Every structure is written in C-alpha cells, then in structure tokens.
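Peer 1: This is a predicted model, with the sequence first.
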Amino acid sequence: MKNFVVIGSPIKHSLSPYLHNYVYNSASINAKYAKKEVSINELSNVIELIRSENLDGINITIPYKEVILKYLDEVSPQANLIGSVNVVYMKNNLLFGNNTDWYGFKETIIKNNISINDKEIIVLGAGGTSKAILFALKILGAKRINLFNRTFTKAKNMQDEIITAYEYTDSEQIIKSNSIIINTTSVGMLKNDIPINSSLISKNQILIDVIYSPLLTPFLKAGIEKGAQIINGLDMFIFQALESIDLWFGETYSNKVNFKQIKTNLERKLC
Ligand code: ATR
C-alpha cells in the first residue's frame, strides 16, 4: 500500500485526506492519505521519509509552499517559474517538486466561465498560493493585475509588466466596482476576518476565495450580501488534488472520477 500525507500548519481544517481517500476507494487505488501538522523544524524529517521510501508523496500547504523548494533536488518547469511547490515525490531517484495549484485555479476559471482578459484583476496575498494563481492568470490572458499584500515588500518583489504591487491603504483607489477580486490569503479561514474593507465590495464584482473551509468566508458572505458573483475554493481544491493523484500514479484518474459527486460530498462535510 502506498502512503501519502499533506503537511502544513495549521492543518486541522484540511479535507485533503477525505478527498484523496475517497478517490483511492472509488478508483480502487491501493493507497492511504493522512494529514500532519508540521513545524518548520520538522520539514527535513518529512523529506527524509520520502527519500527513505517510507512515504510515497506529500502535498504541501500553508505556509511551506515556498520554503520547501530548498529541500528538493529538482522542480518542474512550472513550479520553477511560479516559485512554489505543493506536490513532492521521488522521480528518477530524485526528490521532485511540482505545482498543481496553478492548474487547479486555471480549471476553476474555465469551469465557472469567467472571462478575465477584459477585467481589472485584484489579487490579495503574495505567498505561495498567490504565486501559482498569478501564473495561471497570465496563462489565461490577464493584462493587468493589482497585487495587495500585508507585507508590501513581498508584493513589490513580484512586480512585472502585468503585476503592480499596492499597499492595502491604496485599496479604495484601486479596487473598482467591476473588479475580479481573488483572496489568496488565509484571512477568513480560522477567524471571522475579511481581507478588505467590505464597503469596497459591490454587485458587479466577481469574488474568488481559495479557502474552502469554511465554504463561505466573511469575504464571500459580503459578496453575496451585495449580489456579487462568488466562487469558493472547492473547485480549485479538487482540481489540484486530482492533478496530484495523476502525477503520483502516472495515470489520468482525474478523468475517471465523478467531479460533481466529489464536490457534493465535500460540500456535505463542510455544511
Ligand atoms: P500559502 O502558501 O498558502 O500562500 P503563505 O505563503 O504563508 O501561504 O502566504 C499567506 C498569505 O496570506 C501571505 O500573503 C500573508 O501575508 P504576509 O506576506 O504579509 O505574511 C497573507 N496573510 C496571512 N495572514 C494575514 C492577515 N492576518 N492579514 C493579511 N494578510 C495575511
């Protein structure tokens, strides 16, 4: 039996074990998947478990998607460009890192019929998940992205011909009544917090949150109140997980499982 684990901190909220074990069962894959709260000092121990083949792969979540890079022998071209890794496994005897978050986000945008190239895009947060989303947005044809982060220097370092960094204090001037606003931060996951002032949210905007637990963050709830279109993190979560499974097993299980059924099950668990 193969063994997989998702590591991060906090990890309590993660439904990755539920999702992966559900897919393994329905596709008759002989594997099991667990979650593990890991401190920064324990990262190297987990890496050793993969090298010694006591673990067959890991998913990385908040806050280690960038720091994990230094432990790896090789990364995929996409993960290298993005600068963050959420899937790790052994490949040709090397510890290999890949990124499926960008793919998960791209598929979410396509599935929900969001047209992004004619819209002003606002991205909140400049961590590992944000980097994957920015990469996907560019592939999808985004022409202009305004990036906000609590630690401004991190956003500033990510500036290029498409991305412009801003302080949250600039949000009133920058966020438009028809912007697409994407929350990539953890704000709203554990506490009843909202990453921007709710007075900036209005009905012609599209609000996207990477958080799926809770299904409706205060950010998305504010969007519903104003009549905006909202998308929670569930689609992205499922797409990135299925892509991880395809990478680990070298088969396209993602085409064989029932996405809608998986989503309904997760929604039931989160309600
Ligand atoms: P991930 O890999 O999931 O992106 P991360 O790299 O730790 O996790 O990034 C978390 C993001 O959420 C960062 O942009 C962080 O802002 P900082 O760069 O200033 O740390 C943002 N974030 C976390 N808590 C926040 C809070 N209370 N208010 C605003 N932003 C927050």
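Peer 2: Received the coordinates, thanks. Residues are numbered from 1 along each chain as shown.
Peer 1: so what does the host helix or strand of residue 172 touch, helix or strand wise?
Peer 2: Element membership for residue 172 (DSSP states H and E) is helix 171-174. Taking 3 or more CB pairs under 8 Å, 6 or more residues apart in numbering; DSSP states H and E as the contact definition, the neighbouring helices and strands of helix 171-174 are strand 145-148. Heads up, the C-betas are built off the backbone N, CA and C, glycines and all.
Peer 1: who's in contact with the strand it packs on?
Peer 2: Residues from elsewhere that reach strand 145-148, judged by CB atoms under 8 Å, 6 or more residues apart in numbering: 120-126, 130, 134, 137, 155, 158-159, 162-168, 170-171, 174-175, 196.
Peer 1: The residues you listed also near the ligand: which ones?
Peer 2: The residues of these that also fall near the ligand, by CB under 6 Å from any ligand atom, are 125-126, 130.
Peer 1: The spatially closest residue to residue 107 that is not a sequence neighbour in helix, strand or coil?
Peer 2: Spatial nearest neighbour of residue 107, excluding adjacent residues (CB to CB, 6 or more residues apart in numbering): residue 239 at 4.3 Å. Of the three states, residue 239 takes helix under DSSP: H, G, I helix; E, B strand; the rest coil.
Peer 1: didn't residue 239 look like it was pressed against residue 103?
Peer 2: Yes. With contact defined as CB atoms under 8 Å, residue 239 and residue 103 form a contacting pair (6.4 Å).
Peer 1: Quick one: list the elements packing against the lowest-mean-pLDDT helix or strand in the chain.
Peer 2: In the chain, no helix or strand scores lower on mean pLDDT, DSSP states H and E than helix 43-51, which sits at a mean of 94. Contacts defined by 3+ CB pairs under 8 Å, 6+ apart place helix 43-51 against strand 2-8, strand 57-60, strand 87-91, strand 94-98.
Peer 1: what's the following helix or strand after the shortest one?
Peer 2: Downstream of strand 57-60, the first helix or strand assigned by DSSP H and E is strand 74-75.
Peer 1: quick one, what contacts the residue of the stretch 1-150 of the chain found nearest the ligand?
Peer 2: Minimum separation of the stretch 1-150 of the chain from the ligand (CB to the nearest ligand atom) falls at residue 127, amounting to 2.0 Å. Residues near residue 127 by CB under 8 Å, 6+ apart: 62-63, 65-66, 84, 154, 184-185.
Peer 1: same thing but 7 Å
Peer 2: By CB atoms under 7 Å, 6 or more residues apart in numbering, residue 127 lies in contact with 63, 184.
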